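>>> need a structure here:
(chains A and B)
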Protein chains: 2
Amino acid sequence: MPVSPRRATLATVAASAGVSVATVSKVLNGRSDVAPATRSLVQSLLRQHEYVAPSPRRGEAVGLDTVEVQFDSDINAYSTEIIQGVVTAGGEVGVGVVVSVMKDGDRTARWARDLLSAGRRALIAVTSELSAGQLAALSRAHLPLVVIDPLNLPRARVTSVGSTNFAGGLAATQHLLSLGHRRIAYVGGPATAACNQARLHGYRAAMETEGAAVLPGYTRSGRFRYQDGLEHGAAVLALPEPPTAIFVGCDETALGVMEAARARGLRIPEDLSIVGFDDTQIARMASPPLTTVRQPLREMGGVALRTALRLAAGEKIDSHHVELATELVVRGSTADVTCAEHA
Amino acid sequence: MPVSPRRATLATVAASAGVSVATVSKVLNGRSDVAPATRSLVQSLLRQHEYVAPSPRRGEAVGLDTVEVQFDSDINAYSTEIIQGVVTAGGEVGVGVVVSVMKDGDRTARWARDLLSAGRRALIAVTSELSAGQLAALSRAHLPLVVIDPLNLPRARVTSVGSTNFAGGLAATQHLLSLGHRRIAYVGGPATAACNQARLHGYRAAMETEGAAVLPGYTRSGRFRYQDGLEHGAAVLALPEPPTAIFVGCDETALGVMEAARARGLRIPEDLSIVGFDDTQIARMASPPLTTVRQPLREMGGVALRTALRLAAGEKIDSHHVELATELVVRGSTADVTCAEHA
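Alright, predicted model coming up:
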């Protein structure tokens, strides 16, 4: 075997093959948008030059590769945790993370092609409603997709990352039941959202097991916003038999419910117990700090990134849907029902 | 002049010049890392081919160009607003925004070169302490830098974007004085941070003008974290003459002060008025909603991005430091002093 005086670089191989460095990089990364003949040529030259990829330098600067994280609306406390997780995982493997907010124009075939030509290796879509047309456009562009907490679950085999929403809803409600509450309401997200359905049914399962009735008007749907908490919180507290505890489908909405309670002169947790969902930064900063179901959002971001890169490299993945464990975090917004009953 | 049947693309020009598309793009963007001879050749070919850059497609997908936004620590409510502003502005001009968190290794010459070779056109650093070595590395790599709310102000002419911190501190304190408060404390950020100094001195100026004494122990320095609010809030409320109002240097710390007050059995605003700084999403979600000084963080992100792109294109900018206006937003955490005095 010839002894190379210097280690071959991508540029050496590109020059020998008469192609661009980007093309060599695509072949190395197993991308499909390279003509078969070119791929063979590059692969044989890589072998001939005994090309060795530089080992990833943990904790150093990002590389040429980028993955795009798209949110369906403005960035909030939930998105912040996801971004942190994806960025950390990207930093560990030298992949840059481009953050964007999906626009109305981002539903076309051009959108998918533009992402690819901009050098994105994969797309991570967060809490988005993905149309069949959009999925087809991504598929035609050979751009791998991983979805975090999809609002709808399309029939196609979309790779997704979520958390154990049913178990989380169950744990939240069992916590309130164990404190002696029976009149427990649920203020959740969109009725059609898969994650919301699982949380609602976790709540229903816990109530049923304990023989606690879900009174009329006790389950409500919002859009996971603060405003929904203000409105549904006020409405549910104005019922003839108001709840002594409310399980809320996300932290942001829980803070709205908290404010609705304060506006009615109710103290938390003395007069009303509240449990949130997510454990974003706003949960620990609420006053009182919010008891909530922790979704491992950073870990979900990390898993989404690593899964996206595996798909981009043409590797097989074990499962098209992964759920990470939720965990109840008890803080100051929940208390024994006797407080509320004697108030 | 010859009539071109088809509009020339970057690829056409690159092919004629025998250089890569990236090189043509660098010349178009006025980047300095192109050999003079190559630059002349490409420029003459651009003219010969009557190259017209495609007009930016507003609201469409991101391009090959990326700008990197680096934070000095974990992403919080403040960073979320900045990211939103940079991402929105980037989307308008087709520039991808890479988000990252600065690591210890990111202090070297290699770090700056890696950013450049990864295709970043500019770096936006947020609330970072930049060393002289770091600035020199960026300068040697010809990578334009814009700093948002720098924690230190180096002597070199660094381009930066901030807000009118002194005016904000003045307005917050005047608001409390106008409600009849005289015993007003200040819980701020790092004593050495330029933005904190300006807020503190705005507070001092308002107190002095009104003849209100700043009692011993009434001004305190933290690190703009929630935990600082818990600790300094508890300490200042335990003073022999506790304040009836506290102006806090950021919203996150203000929420900590709010919780410290609640832990002592104080009601807000009846027993204690609190004003924050930033107007992040957590301010309007606090219970009661937080009166605060609004920094136009999204606009600051947008200005930083546009300034960075102008620097990358070799354009002159009007000023090396821009401050956008702050504005007092009155919500539910402040009330007349008579409430506190009669409590």
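
>>> Chain B contacts on the stretch 101-250 of chain A?
Within the stretch 101-250 of chain A, the residues that sit near chain B (CB under 8 Å from any CB of the partner chain) are A:101, A:103-106, A:110-111, A:114-115, A:117-119, A:226. Quick note: C-beta positions are derived from backbone N, CA and C, even for glycine.

>>> repeat that with 6 Å
The stretch 101-250 of chain A comes close to chain B at residues A:K103, A:G105, A:W111, A:D114, A:L115, A:A118, A:Y226, as judged by CB under 6 Å from any CB of the partner chain.

>>> in a strand, that's where the fifth one is, yeah?
It refers to A:L115. No - assigned with DSSP: H, G, I helix; E, B strand; the rest coil, A:L115 falls outside any strand and is helix.

>>> circling back: and the least confident of the residues of the stretch 101-250 of chain A next to chain B?
Minimum pLDDT across these is recorded for A:G105, with 65.

>>> what does the model give A:A340 for pLDDT?
If you check A:A340, the pLDDT there is 65.

>>> now A:P36
Listed pLDDT for A:P36 reads 71.

>>> Please apply the same query to the one 5 residues further on.
pLDDT, A:L41: 78.

>>> wait, what's in contact with it?
Shown in contact with A:L41 (CB atoms under 6 Å, 6 or more residues apart in numbering or on different chains): A:A17.

>>> Assign it to helix, strand or coil.
Following three-state DSSP, A:L41 is assigned to helix.

>>> Restricted to buried residues, select the residues of the stretch 101-250 of chain A next to chain B in ChimeraX.
Selection of buried members from those for ChimeraX, criterion 16 or more other CB atoms under 10 Å in any protein chain shown:
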select /A:111,114,115,118,226
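
>>> got TSV for the residues of the stretch 101-250 of chain A next to chain B, with secondary structure and distance to A:H320 too?
Formatted as TSV, those follow (DSSP: H, G, I helix; E, B strand; the rest coil; distance: CB to CB, whole Å):
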residue	secondary structure	distance to A:H320
A:K103	coil	27
A:G105	coil	28
A:W111	helix	23
A:D114	helix	26
A:L115	helix	21
A:A118	coil	26
A:Y226	helix	33
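
>>> Pick the one among the residues of the stretch 101-250 of chain A next to chain B closest to A:S44.
For those, the closest approach to A:S44 (CB to CB) belongs to A:A118, at 29.5 Å.

>>> how near is A:T244 to chain B?
19 Å (CB to the nearest CB, to the nearest Å).

>>> quick one, phi/psi of that residue?
phi -100, psi -10 (degrees, to the nearest 10).

>>> hang on, it packs against A:R183?
Yes - contact criterion CB atoms under 6 Å: A:T244 and A:R183 qualify, at 5.1 Å.

>>> Neighbour count for the two, which is higher?
A:T244 (23 against 20; other CB atoms under 10 Å in any protein chain shown).

>>> For the one residue sitting closest to the centre of chain A, which non-adjacent residue is spatially closest?
The centroid of chain A falls nearest to A:I148 when counting by CA atoms, centre = their mean (3.6 Å). Once flanking residues are discounted, A:I148 sits nearest to A:V126: 4.7 Å by CB to CB, 6 or more residues apart in numbering or on different chains.

>>> Enumerate the beta-bridge partners assigned to that neighbour.
Using DSSP bridges, the beta-bridge partners of A:V126 come out as A:F71, A:I148.

>>> gap between it and chain B?
13 Å.

>>> list the contacts for that residue?
A:V126 neighbours (CB under 6 Å, 6+ apart): A:F71, A:I82, A:I148.
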